[in-house]
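>>> A predicted structure for the sequence below; I have some questions about it.
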Amino acid sequence: MSTKKNNPETIALHGGDYRSDPTTTSVAVPLYRTTSYQFNNTDHAANLFALKEFGNIYTRIMNPTNDVLEKRVAALEGGLASVTVGSGQAASTFAIMNVCQSGDNFISSTDLYGGTVNLFTHTLKKLGIECRYADPADPKNFEKLIDEKTRCFYAETLPNPYLRVFPIKEVSDIGRKHNIPLIMDNTAAPVICKPIEHGAAVVVHSLTKFIGGHGTVIGGCLVDGGNFDWTADPKRQPLFNEPDMSYGGAKWGEVVPQLTGANVSFAVRARVVLLRDLGAPLAPDNAWGIIQGLETAPLRMKQHCSNADKVVDFLKKHKNVARVIYPTLHKGEIAARSKKYLKGGNGALVGIELKGGVEAGKKFIEALKMFYHVANIGDARSLAIHPATTTHSQLTEEELLAAGVTPGYVRLSIGIEHPDDIIADLDQALTESSKTKLKAVS
Ligand code: PLP
């Protein structure tokens, strides 16, 4: 459906060009469990492989169920095209590998999901791709690290545990001066932030989190903003300007706009080169599951954010809480960024430092009755975890502190239950954890 309205609630249900199934008129998006697609004739097959025509070839590379999800997520983010992959982790990997090859470097924010740090610091390094880390407190830190081999900037919109909103426009502007695209992981802030509107060239998502929303499916995607000129500086972006001998010498920055009439070279290269060669597609069953979640993601985000605001008010006044970490509670410029970039809510993630340190943190988590103790965020249910001993445990002490993880930090992902019930569970767990501490001291 083409709609002039850009409202996320409508896009989540109608975004993209799916209206009903062309053969059955099914309104709900069908699950196409097929690996392959019958070609009309040999010319049709040859044209599809030569990218002279676009259409289904093989489900590793595209699938009609995934296609609906891809178009809806692209529309939600204000991008031109998107590519789904098997996990958020695969999306980050593809995002970097789509612009970097051995010998290249990229500059990433220090505020990152622990799994992304591992990927960037260790696995990509083994492939000859260097990650340079910049503290986003000052956007100029990104500029200082650029050299002639720098291919992209990378950051998260609302990174936990620090929950400092990233200066998207400031860093994107620096990048654009040097023809360097900014890739934003918007996993924690769908609907409430649209990084492409602020200049990001690419958005990646772990669809596993708020978009899937029910803790049932792992998935990821890359959204091409269609707003970056990949041919402006051929030396800066060799993968888009040099002939790709794996695809008949295609120069992706030139050939894709010629063939499609759209500036979607990033998405097309990710699909026809990286999905083709590295695999890791999103299974159509999982795409279907994520579509169910996406339909209500804007509604859920409202409830997540409003509940989180109430939880923060409660925690700020609680005698056993030493500090509450939340985007709006930072000071000065960092707090101002949350106002500038987050619209309609401040996200569902809340950090707390308990007065009793590590022990109190552990006891608190064990005393929670309704919250689940899991390594996830963005479920409809409320979740809690102690990052230092779990999600971030593979980081060094230095890396932990750089990421804002102190020993007593507890991360909460506030769900969509009734706020009174969420607060009641936190209240009883805080009381329990402090009782234990008193006993231990006496
Ligand atoms: N990006 C962020 C911000 C995440 O929190 C996660 C997972 O927790 C990922 C990426 C990786 O996503 P997935 O678990 O779907 O691979």
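Nice, I can see it. Numbers count the residues shown, from 1 in each chain.
>>> centre of the chain versus stretch 427-438, how much separation?
Stretch 427-438 sits 35 Å away from the centroid of its parent chain (C-alpha atoms, centre = their mean, to the nearest Å).
>>> of all of the stretch 151-300 of the chain, which residue lies closest to the ligand?
S206 (3.1 Å; C-beta to the nearest ligand atom). Where C-beta positions appear, they are placed from N, C-alpha and C, glycine not excepted.
>>> Tell me how many other residues surround that residue.
As a burial measure, S206 scores 28 neighbours (other C-beta atoms under 10 Å).
>>> That one and N186 touch, don't they?
No: with contact defined as C-beta atoms under 8 Å, S206 does not count as touching N186 (9.5 Å).
>>> show me what contacts the residue of the stretch 151-300 of the chain closest to the ligand?
87-89, 91, 185, 187, 219-220 (C-beta atoms under 8 Å, 6 or more residues apart in numbering).
>>> Not counting its neighbours along the chain, what's nearest it?
G88 (2.3 Å; C-beta to C-beta, 6 or more residues apart in numbering).
>>> Could you check the pLDDT of that neighbour?
With respect to pLDDT, G88 has a value of 98.
>>> Next, work out how far apart it and the ligand are.
Computed as C-beta to the nearest ligand atom, to the nearest Å, the G88 to the ligand distance reads 2 Å.
>>> Following the helix or strand of the chain with the lowest mean pLDDT in sequence, what is the next regular element?
Taking mean pLDDT, DSSP states H and E as the measure, the helix or strand of the chain with the lowest value is helix 397-402, at a mean of 74. Using DSSP states H and E, the next helix or strand after helix 397-402 towards the C-terminus is strand 409-413.
>>> who's in contact with the very next helix or strand once past that next one?
Once the chain leaves strand 409-413, the next helix or strand it forms, by DSSP H and E, is helix 419-441. The set of residues external to helix 419-441 that reach it, using C-beta under 8 Å, 6+ apart, is 306-307, 310-311, 314-315, 318, 320-321, 354-356, 359-361, 363-365, 367-371, 382, 412, 414-415.
>>> Among the residues you listed, which are located in helices?
306-307, 310-311, 314-315, 359-361, 363-365, 367 (DSSP state H).
>>> so how far is H386 from I11?
Distance of I11 to H386, computed by C-beta to C-beta, to the nearest Å: 36 Å.
>>> Check R300 too.
25 Å.
>>> What count of nearby residues applies to A45?
16.
>>> wait, it sits on Y37?
No: using C-beta under 8 Å, A45 is not in contact with Y37; the gap is 9.9 Å.
>>> Now do the least confident helix or strand of the chain: distance to the chain's middle.
Using C-alpha atoms, centre = their mean, the offset of helix 397-402 from its chain centre is 22 Å.
>>> So which residues lie in contact with that helix, not counting its own?
So helix 397-402 is contacted by 110, 117, 121, 133, 135, 388, 392, 406 (C-beta under 8 Å, 6+ apart).
>>> Over to stretch 22-30?
18, 20-21, 64-65, 68, 288, 291.
>>> Select only the buried ones of those in ChimeraX?
Burial among the contacts of stretch 22-30 is assessed by 16 or more other C-beta atoms under 10 Å; the matching ChimeraX selection reads:
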select :18,64,65,68,288,291
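>>> now, the most widely separated pair of the contacts of stretch 22-30?
Checked with C-beta to C-beta, the contacts of stretch 22-30 reach their widest spread between S20 and W288, with 15.7 Å between them.
>>> list the contacts for the residue nearest to S206?
Counted by C-beta under 8 Å, 6+ apart, G88 has contacts 185, 187, 204-209, 218-220.
>>> ok, 10 Å please
113, 115-116, 185, 187, 204-209, 218-221 (C-beta atoms under 10 Å, 6 or more residues apart in numbering).
>>> ok, it to Y113 distance?
8 Å.
>>> Between the two, which contacts overlap?
Contacts common to G88 and Y113, judged by C-beta under 10 Å, 6+ apart, are 185, 187, 206.
>>> Next step: these restricted to strands.
If you go by DSSP state E, these have 185, 206 in strands.
>>> For the shared contacts of G88 and Y113, could you give me a markdown table that also reports pLDDT and distance to D277?
Shown next, in a markdown table, are the shared contacts of G88 and Y113 (pLDDT from 0 to 100; distance: C-beta to C-beta, whole Å):
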| residue | pLDDT | distance to D277 |
| --- | --- | --- |
| D185 | 98 | 23 |
| T187 | 98 | 25 |
| S206 | 98 | 22 |
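>>> Surely R271 touches N63?
No: between R271 and N63 there is no contact under C-beta atoms under 10 Å: 11.4 Å.
>>> gap between the two ends of stretch 374-390?
End-to-end distance for stretch 374-390: 9 Å, by C-alpha to C-alpha, to the nearest Å.
>>> how distant is it from the center of its chain?
That offset, for stretch 374-390, works out to 16 Å (C-alpha atoms, centre = their mean).
>>> quick one, what contacts C152?
Applying C-beta under 10 Å, 6+ apart, the residues contacting C152 are 95-96, 98-100, 104-108, 175, 180-183, 201-202, 228, 236-237.
>>> In three-state terms, label D111 for me.
coil (DSSP: H, G, I helix; E, B strand; the rest coil).
>>> Spit out the contact partners of V73.
Contacts of V73 (C-beta under 10 Å, 6+ apart): 11-12, 15-16, 79, 81-84, 190, 203, 205, 207, 211, 221-223, 290-291, 294, 297.
>>> again, only this time at 6 Å
82, 221 (C-beta atoms under 6 Å, 6 or more residues apart in numbering).
>>> what helix or strand is it on?
Counting by DSSP H and E, V73 is found in helix 64-77.
>>> Any part of that helix near the ligand?
No: judged by C-beta under 6 Å from any ligand atom, helix 64-77 and the ligand are separated, with a smallest distance of 13.7 Å.
>>> didn't P161 look like it was pressed against T406?
No: the pair P161 / T406 is not scored as a contact, 8.5 Å apart, by C-beta atoms under 6 Å.
>>> Give the residue from these two that has the larger number of neighbours.
Shown here are P161 and T406; by other C-beta under 10 Å, P161 has more neighbours (23 against 18).
>>> Tell me the spacing between T35 and the ligand.
23 Å.
>>> K125 versus that residue, what's the distance?
Taking C-beta to C-beta, one finds T35 at 35 Å from K125.
>>> And these two? Which one has more around it.
K125 (12 against 9).
>>> what helix or strand does that one sit in?
helix 124-126.
>>> and the helix or strand following that helix, which strands flank it?
On the C-terminal side of helix 124-126, the closest following helix or strand by DSSP H and E is strand 130-134. Here strand 130-134 is paired, per DSSP bridges, with strand 105-109 (parallel).
>>> Go ahead and produce PDB holding the CA coordinates of the strand it pairs with.
The C-alpha trace of strand 105-109 is given here as PDB (Å, rounded to 0.1, in the frame of the first residue of the first chain):
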ATOM      1  CA  ASN A 105      39.900  -0.100   9.000                       C
ATOM      2  CA  PHE A 106      36.700   1.400  10.400                       C
ATOM      3  CA  ILE A 107      36.000   3.500  13.500                       C
ATOM      4  CA  SER A 108      33.500   2.400  16.000                       C
ATOM      5  CA  SER A 109      32.000   4.000  19.100                       C
END
